[in-house]
Structure formats: structure tokens, C-alpha cells
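# coordinates for the following, if possible.
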Amino acid sequence: MMSLPRPGHGAREVFRLCVSRVSDPDLKARLTGAADSVDAASGRFDQATTHGKLHEVAVDEAVPTLSAAEMGKVYTQRMARRGAPGREVYDTILGAAPNGVCPLCQQRVASTLDHHLPKAWFPTLVVAPLNLVPACSDCNKAKLDTLPRRAEEVALHPYYDDIDGVVWLAAKVIESAPSAVVYRVAAPSDWDPVLAHRVRRHFAILRLGELYAAQGAEKLLNLRHQLDLVHAASGEHGVRAELLARYRSCLEARRNGWRTAAYRAWAGSVWFCCGGFAEGL
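Predicted coordinates for the structure are as follows:
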């Protein structure tokens, strides 16, 4: 997962913008009156997430004068819809994804906003920027509308969790024909057990092991010819040097990227460097 800077817009500001074009006087008054509740809910979310207590936040009952459906439409009709008053904020948050890549899987295109806490359960957070994260459609669907009941069940949040300071993604070469790489979370020994569990859960729910393995297989398919040429000219040591050069380049760009882990694993396999990469062709 890639960490992201927090959005610069406040919850009250965005909510008021989203409801600014409501024409029905009664609905407009009720929505405008909910701004304080929205701001307070965003503040509680921020404090709970910062201190690792998000699982203790009570399910939101919205506000007495508005239904959850009415609050939900503030997002679907007045923020996410093209031409809506809040669409510019939506696009700004979505555009924060580095190079347009989903920060949750670090692979697919970020095409939507994910509600970190489900909008069905937390209607006052439907347009709160801190609760909105750029994501690909696959990751958005995989997370589902589940509620965390324990600290270990709280999903990783790109605005609050920065796990890229150390290497935690590991790959292993399957030394058989055809060769493959498998991925796992190798939690550093100094990680808190709760964080390690959250990262492994993130990896499993989003099925990142399968995604990265498929990408690794495709990369190897396109790499084999080049490695074959290097092996013919320089043998095992030449192949390893080539892989290590690619590893170092990827490491600079993304420490826990699937490519970085794959090149590290391939370079570390004597079997692979001695020609195993070509087996099964």
C-alpha cells in the first residue's frame, strides 16, 4: 500500500458545497443543518484513526432530521456525479493517486473513491474527505461494507498508515518448470503484532498474492529472451548482475512493489540464474 497526503478540504466545507444547489427548501434546510454533525463525525474519525481506535467508533445513526438514504444521495448525486457541485473535490481526491495508480493494490488504475468506513453504516461521513480514498474498482469491491470489530480488523488507510519505510513484501521463486514467483507478507520483527495482522489481512482480502503472481508470470514471459542472451554471453553471474541492476532500479521507485520483490527473489536463486528462467519454454 502507498501512503498519500491527507486531502486539503474539510468535511464541513465539502458538505456545504455538495448541498449548495438543493432546490427543495425543506430538504435544503435539513441538509444545511447537518453540517455540524458532519464536521463532528469527521473529527471523531480523525482522532480514532490517528490513535488506532477506529474499531471503537460507534455506528453512525446520521442525524435526526435526515435519513441515511438522503445522506447517501449527497455523495452519489451531489459529489460523485459528473457536473455535481462537489465533483471538483471528488476529482481532486481521485487525482491524488500517484500516476493514477490505486494506492491499495499499487497496480490497477484508480477509477473511483472508496469509503474507508462504509457509507451505509456511517452516513455522516459520506463526503468527508478523510473517509474517501482513491481506489480501483476491484479493491473497492473487495473491501465490502464490513465493520471492524477489533483493532486487527481495521483496514489500512493511505492517509494514516505509512508502511513503506521498511521492506515487508517478499517473493519466492518456484524452482520448477515453468518457473513462477509467489508472494507473501514478511512482517519485520519490530512491527506491532496488530499492524502485522492488518497488513496480512489487507494482502489477503485484496488477493494481492494472486494479482502479483500473475504480473510476475507475465513479466518473466517478456524477460526470458533478454536473460537468455545474457546467459549465453556471461553465464550465471551475468544473469544475476542484470537482475540486480533491475532490482536496484525498482527499489528506488517502489520499495514494496511486486517487481522489486520479484527481481530480488530471481537474483537470489542459483537455479534461476543458471538457466531455470528458460525451463518450460
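
# the stretch 1-150 of the chain: helices as residue ranges?
11-18, 25-32, 35-50, 68-76, 87-94, 137-143 (DSSP state H, counting those that start in this stretch).

# how about these in TSV, adding mean neighbour count?
In short, each C-beta sits where N, CA and C put it, glycine included. Shown next, in TSV, are the helices of the stretch 1-150 of the chain (neighbours: other C-beta atoms under 10 Å):
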stretch	mean neighbour count
helix 11-18	22
helix 25-32	14
helix 35-50	18
helix 68-76	18
helix 87-94	17
helix 137-143	18
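
# ok, the closest residue to residue 110 other than its chain neighbours - contacts?
Once flanking residues are discounted, residue 110 sits nearest to residue 97: 3.7 Å by C-beta to C-beta, 6 or more residues apart in numbering. Applying C-beta atoms under 8 Å, 6 or more residues apart in numbering to residue 97 gives the contacts 4, 103, 110, 134.

# one step back: let's have the helices of the stretch 1-150 of the chain in JSON lines, adding distance to residue 237 and mean pLDDT.
Output for those, formatted as JSON lines (distance: least, C-beta to C-beta, whole Å; pLDDT from 0 to 100):
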{"stretch": "helix 11-18", "distance to residue 237": "57", "mean pLDDT": "98"}
{"stretch": "helix 25-32", "distance to residue 237": "68", "mean pLDDT": "96"}
{"stretch": "helix 35-50", "distance to residue 237": "49", "mean pLDDT": "96"}
{"stretch": "helix 68-76", "distance to residue 237": "57", "mean pLDDT": "94"}
{"stretch": "helix 87-94", "distance to residue 237": "46", "mean pLDDT": "98"}
{"stretch": "helix 137-143", "distance to residue 237": "40", "mean pLDDT": "94"}
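
# name the helices or strands packed onto the helix or strand containing residue 250?
Element membership of residue 250 [criterion: DSSP states H and E] is helix 208-253. In terms of contacts (3 or more C-beta pairs under 8 Å, 6 or more residues apart in numbering; DSSP states H and E), helix 208-253 is packed against strand 180-185, helix 258-268, helix 270-273.

# which among the helices of the stretch 1-150 of the chain is found nearest to residue 193?
The closest of these to residue 193 is helix 35-50. By C-beta to C-beta, the value is 19.0 Å.

# which elements pack onto that closest one?
So helix 35-50, by 3+ C-beta pairs under 8 Å, 6+ apart, packs with helix 11-18.

# now for the closest residue to residue 179 other than its chain neighbours: which residues touch it?
Using C-beta to C-beta, 6+ apart and skipping the chain neighbours, the partner closest in space to residue 179 is residue 276 (5.6 Å). Contacts of residue 276 were listed using C-beta under 8 Å, 6+ apart, and they are 173, 175, 179, 269.
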